[in-house]
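> Here's a sequence, model it:
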Amino acid sequence: MATNSIKLLTGNSHPQLAKQVADRLGINLAKTMSLNYSNQETSVTVGESVRDEDVFILQSTAPGDINDGLMELLIMINACKTASARRITAVIPNFPYARQDKKDKSRAPISAKLIANMLQTAGCNHVITMDLHASQIQGFFNVPVDNLYAEPSTLRWIRSNLNVRDCVVVSPDAGGAKRATSIADRLDLGFALIHKERARPNEVSRMVLVGDVENKIAILVDDMADTCGTLAKAAETVMNHKAREVVAIVTHGILSGNAIETLNKSRLSKVVVTNTVPLGDKIETCEKIRVMDISPTLAEAIRRTHNGESVSFLFTHAPSE
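Take a look at the predicted model:
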């Protein structure tokens, strides 16, 4: 899939994913150097010419240094803009601050809109991301946003690893119902929903299951697993309703705080995540984790964008691995 005059740059947040995408495209990563001065200022140097080139900057958000990764991305975009790049596309597999997408209480910031403004001010002409927490974040931008879906890869994993006829798709909350029903429809499966009542943010108090999971393999589907409290409690609720097994499939495995400990103690048999977020040593410390590689989807989106082809094919098809 060798492609001429694509310049693929990356920061320090997820070099492994960038390398996989570059290998898939048959190109080398552009030479860049990013370092922090002793006062923690970020310095970025682009080591080759990007004048009149089609530049793609792949930067995800690693847990623990989201703000550093974001600042590094903004500086890299601006460096390419001032170096006369023809077009700058930010490839952000896991969009930062996506959960702060609305004013749900007084004096709350809409931080996702702020991130959109910052990316555009830095000089970004196009954004490619994956499984946005809320699709309407695309409307915060005045430049094109391609929101790719992990769903085709998820469907492939389910068909390859589970007996589909014995499954039921479960949404761990009302917000994810649309995502879960889409997968249930594509697989022609039943659907169940968990209604959760929160006492305070990040803390779930009570869960009620709507639907039948008895003697089924319950597939919990969500866009991100952060502290994993919701997933663990949802798995408990589903197993209490006589499910045979619970498998969680999430796009962004953020797994912050005590998430690994929570997963190890939970009644989940497997937790399937994509590699949009670097997992580090978490795979070794939790044997339930399985990883779906989404670098082929990102690489194909970059290739199609560069060649002026339609990207919508990727909304329903996963490229061959």
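> all contacts plus neighbour counts: C-alpha atoms, from now on.
Fine.
> Note down every partner strand of the worst-scoring helix or strand of the chain on mean pLDDT and its orientation.
In the chain, no helix or strand scores lower on mean pLDDT, DSSP states H and E than strand 203-210, which sits at a mean of 79. When sheet partners are counted by DSSP bridges, strand 203-210 sits next to strand 190-200 (antiparallel).
> Pull the distance from the strand it pairs with to the chain's centre.
22 Å (CA atoms, centre = their mean, to the nearest Å).
> which helices and strands does the helix ranked longest in the chain pack with?
Counting by DSSP state H, the longest helix found in the chain is helix 66-82. Judged by 3 or more CA pairs under 8 Å, 6 or more residues apart in numbering; DSSP states H and E, the packing partners of helix 66-82 are strand 42-46, strand 54-58, strand 87-92, helix 111-122.
> Below-threshold pLDDT in this structure: ranges please.
1-4, 198-199, 201-204 (pLDDT under 70).
> Could you pull out the helices in it for me?
15-25, 66-82, 111-122, 151-161, 177-187, 229-240, 259-265, 282-285, 295-307.
> Generate JSON lines for these, with mean neighbour count as supplementary columns.
Converted to JSON lines, those look like this (neighbours: other CA atoms under 10 Å):
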{"stretch": "helix 15-25", "mean neighbour count": "20"}
{"stretch": "helix 66-82", "mean neighbour count": "21"}
{"stretch": "helix 111-122", "mean neighbour count": "18"}
{"stretch": "helix 151-161", "mean neighbour count": "16"}
{"stretch": "helix 177-187", "mean neighbour count": "17"}
{"stretch": "helix 229-240", "mean neighbour count": "22"}
{"stretch": "helix 259-265", "mean neighbour count": "17"}
{"stretch": "helix 282-285", "mean neighbour count": "12"}
{"stretch": "helix 295-307", "mean neighbour count": "20"}
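> just to revisit the earlier point, between the least confident helix or strand of the chain and helix 229-240, how big is the angle?
Strand 203-210 and helix 229-240 are oriented at 40 degrees to each other (axes from the mean of the first three to the mean of the last three CA atoms, to 10 degrees).
> rewinding a little: how much does the longest helix of the chain deviate in direction from strand 54-58?
Inter-element angle recorded for helix 66-82 and strand 54-58: 170 degrees (by the same axes, to 10 degrees).
> Can you tell me what sits against helix 66-82?
11-13, 34, 42-46, 50, 55, 57, 59-62, 88, 90, 96, 118-119, 122-124 (CA atoms under 8 Å, 6 or more residues apart in numbering).
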